[in-house]
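K.L.:
how would this look folded up:
(chains A and B)
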Amino acid sequence: MLFRLTNSAGQPRYLQLMQQIRHAIESGALSDGDQLPSIRTLAEELVVSPGTIMKAYSELEHEGFITMHHGTGAFVCVSRRARRLGDRVQAARERVDELIGELRDDGLIDAEIRRLFEAGLLSAVRTAGKP
Amino acid sequence: MSGPTVIETMGLSKLYGRSYAVRDLNLTVRPDRITAFLGLNGAGKSTTIRMLLGMIRPSEGSGTVLGRRIDDPLESVALRKDVAYVSEDKRLYNYMTVEQMIRFTNGFFPGWHDDIANALLRRFELPAGRKVRHLSKGMRTKLALLLAIARRPALLILDEPSEGLDPHGVEQLLEALVAHCAEGTSVFFSSHQIEEVERISDQVCVIHQGRLVMDASLDELRESWRRVDVVLPGGAQVEDFQMQGVERVRTRGQQMSVVASGNVDSIVARASESGATAIDVTPVGLREIFLQTIEEN
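P.N.:
The predicted structure follows:
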């Protein structure tokens, strides 16, 4: 797989790399189970900081496009479940953003909102833990 | 600043006579990344690096490198075991051959990796049997780099490493730096070459006349800086664009060019409120950001 990063684009390079990998997956150039180059190999090939590759890979993992296994590397993952999970996370993020916006409009400060979220999660855990 | 640091300075200063070579420098360098120390010639880069390594004493202020105080002679000796330094003048012994220089150096460092040294020797195409005295400037740099990297240091500090290298040599240098950062070495290198800084760094610290004038991630800079070119048939009113994020405004007739470090949406909105007939937003490269920043300071 050939990737190409530019300096002139007003866009962080990890985003450029993410788009190119996503495009390669969507266009079929990379398919399910294909191994991506190691962070070191790709950093050397593209002559960019390994941090750039790491960031792109971990964002893509978060979106469900790839999976990373410690020690063995990153693999393309186009399973429907993973993609659905990516979509669900995206949808959830929008709902959370919306709720945060409403709470701020109600005059709550971020520290209070954070405490409410944490408290809510804790009580949800306790409820779920009950038989 | 939260999290661990590999380099941290507090009010670090160096006076030569009555003038400051470095003044009130607060530098924070984080691990596992490549940090560039960018500045013009004479900005104070080498003086700072020499203070970090305990080679010269700060006039004021203090600092730590890998958690050790730089102004404590005992700690700075211990420090030099974990930090590899490639200096501008590449301290090598002229009477030794490349091979002798490698064997001589590995004796000092228990963590020495022969495999890395051999791989770099081949990769840099260094003549093992040639006397250091007869090496070109580029070869000297590559040998110094080999000696530094084969130690697998926690932190690699380089002072203008690409000086004297041809384009092929620069490429080999940058490849070696990113590869060894991936192996867990934090890299801090000084440079006045914007292109190489822009290519491999995660973070860029700009020093100008001894002071730190910028400390930013390259990703943030790429995302936030923009040039907004506007055509205003009614004539441009510069005062209307004295707003947050605007770094520079230039006008010529009906044309106006705004360079901004952020807040671009509001600038575009202001332009269209002012009756702009054309608005063009384009990215700004590190060269221009750098020149703009040092001009301001």
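K.L.:
Next, residue B:4: secondary structure please.
P.N.:
coil (DSSP: H, G, I helix; E, B strand; the rest coil).
K.L.:
so how many other residues sit close to it?
P.N.:
Number of residues near residue B:4 (other Cβ atoms under 10 Å in any protein chain shown) recorded here: 10. Quick note: C-beta positions are derived from backbone N, CA and C, even for glycine.
K.L.:
what does residue A:75 give?
P.N.:
Other residues close to residue A:75 by other Cβ under 10 Å number 16.
K.L.:
Spit out the contact partners of residue B:81.
P.N.:
Contact analysis of residue B:81 by Cβ atoms under 8 Å, 6 or more residues apart in numbering or on different chains lists residue B:109.
K.L.:
what does the one 10 residues further on give?
P.N.:
Residue B:91 sits next to residue B:144 when contact means Cβ under 8 Å, 6+ apart.
K.L.:
That one and residue B:56: what is the separation?
P.N.:
15 Å (Cβ to Cβ, to the nearest Å).
K.L.:
any idea which element residue B:282 lies in?
P.N.:
Element membership for residue B:282, per DSSP states H and E: strand B:278-283.
K.L.:
Only alpha carbons, please: show that strand as CSV.
P.N.:
Output of strand B:278-283 as CSV, limited to C-alpha atoms (Å, rounded to 0.1, in the frame of the first residue of the first chain):
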residue,chain,number,x,y,z
ALA,B,278,-14.5,36.9,-2.8
ILE,B,279,-13.2,35.1,0.2
ASP,B,280,-10.5,32.5,-0.1
VAL,B,281,-9.2,30.5,2.9
THR,B,282,-5.8,28.7,2.4
PRO,B,283,-3.4,26.9,4.8
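K.L.:
Can you read off the pLDDT for the residue of chain A found nearest chain B?
P.N.:
Nearest to chain B, among the residues of chain A, is residue A:10, at 2.4 Å (Cβ to the nearest Cβ). As predicted, residue A:10 sits at a pLDDT of 77.
K.L.:
what's the closest non-adjacent residue to it?
P.N.:
Spatial nearest neighbour of residue A:10, chain neighbours left out: residue B:283 (2.4 Å); criterion: Cβ to Cβ, 6 or more residues apart in numbering or on different chains.
K.L.:
How many residues are close by residue A:68?
P.N.:
17.
K.L.:
hang on, isn't it packed against residue A:58?
P.N.:
Yes: counting by Cβ atoms under 8 Å, residue A:58 is a contact partner of residue A:68 at 7.4 Å.
K.L.:
Rounded mean pLDDT for the longest helix seen in chain A, please.
P.N.:
As assigned by DSSP state H, the longest helix anywhere in chain A is helix A:80-105. For helix A:80-105, mean pLDDT rounds to 79.
K.L.:
And that helix, what does it pack against?
P.N.:
Here helix A:80-105 touches helix A:110-129, going by 3 or more Cβ pairs under 8 Å, 6 or more residues apart in numbering or on different chains; DSSP states H and E.
K.L.:
what is the mean pLDDT for the helix it packs on?
P.N.:
Computed over helix A:110-129, the average pLDDT equals 74.
K.L.:
for the closest residue to chain A within chain B, which residues make a bridge with it?
P.N.:
Proximity of chain B to chain A (Cβ to the nearest Cβ) peaks at residue B:283, 2.4 Å away. Beta-bridge pairing of residue B:283, defined through DSSP bridges, involves residue B:226.
K.L.:
Just to check, the residue nearest to residue A:10 is in contact with residue A:8?
P.N.:
Yes: using Cβ under 8 Å, residue B:283 is in contact with residue A:8, at 6.7 Å.
K.L.:
Which one's more surrounded, those two?
P.N.:
residue B:283 (16 against 8).
K.L.:
show me the contacts for the residue of chain A closest to chain B.
P.N.:
B:222-223, B:225-226, B:282-284.
K.L.:
swap the cut-off to 10 Å and go again
P.N.:
Listed by Cβ atoms under 10 Å, 6 or more residues apart in numbering or on different chains, the contact partners of residue A:10 are B:221-227, B:281-285.
K.L.:
Equivalent analysis for residue B:68, please.
P.N.:
B:54, B:74-80, B:82-83.
K.L.:
In strands, which of these appear?
P.N.:
residue B:83 (DSSP state E).
K.L.:
most surrounded residue in the contacts of residue B:68?
P.N.:
Ranking the contacts of residue B:68 using other Cβ under 10 Å puts residue B:83 first, with 25 neighbours.
K.L.:
doesn't residue B:55 make contact with that residue?
P.N.:
No: look at residue B:83 against residue B:55 with Cβ atoms under 10 Å: they stay out of range, at 11.7 Å.
K.L.:
Common neighbours of those two, please.
P.N.:
residue B:76.
K.L.:
what's across from the nearest residue to residue B:228 once chain neighbours are set aside in the sheet?
P.N.:
The shortest distance from residue B:228 to any non-neighbouring residue, by Cβ to Cβ, 6+ apart, is to residue B:258 (4.5 Å). Judged by DSSP bridges, the bridge partners of residue B:258 are residue B:228, residue B:249.
K.L.:
what separates residue B:258 from residue B:230, distance-wise?
P.N.:
Distance from residue B:258 to residue B:230, by Cβ to Cβ: 7 Å.
K.L.:
okay, now the domains of the chain?
P.N.:
Looking at chain A here, since you left the chain open. Split into domains by automatic domain parsing, chain A comes to A:13-78, A:81-129.
K.L.:
not quite, I wanted chain B
P.N.:
According to automatic domain parsing, the ranges for chain B are B:7-221, B:225-296.
K.L.:
what comes up buried for the helix or strand harbouring residue B:294?
P.N.:
Using DSSP H and E, residue B:294 maps to helix B:286-296. By neighbour count with 16 or more other Cβ atoms under 10 Å in any protein chain shown, helix B:286-296 contains the buried residues B:286, B:288-290, B:292-294.
K.L.:
Intersect these with the contacts of chain A.
P.N.:
residue B:286 (Cβ under 10 Å from any Cβ of the partner chain).
K.L.:
contacting residues around the helix or strand where residue B:270 lies?
P.N.:
Following DSSP H and E, one finds residue B:270 within helix B:264-273. Here helix B:264-273 makes contact (Cβ under 10 Å, 6+ apart) with B:224-232, B:236, B:240-241, B:243-246, B:249, B:256, B:258, B:260, B:263, B:276, B:278-281.
K.L.:
Got a quick PyMOL command for the buried subset of these?
P.N.:
Entered in PyMOL, the line below selects the buried ones among the contacts of helix B:264-273, by 16+ other Cβ under 10 Å:
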select buried, chain B and resi 224+225+226+227+228+229+230+231+232+236+241+245+246+249+256+258+260+263+276+281
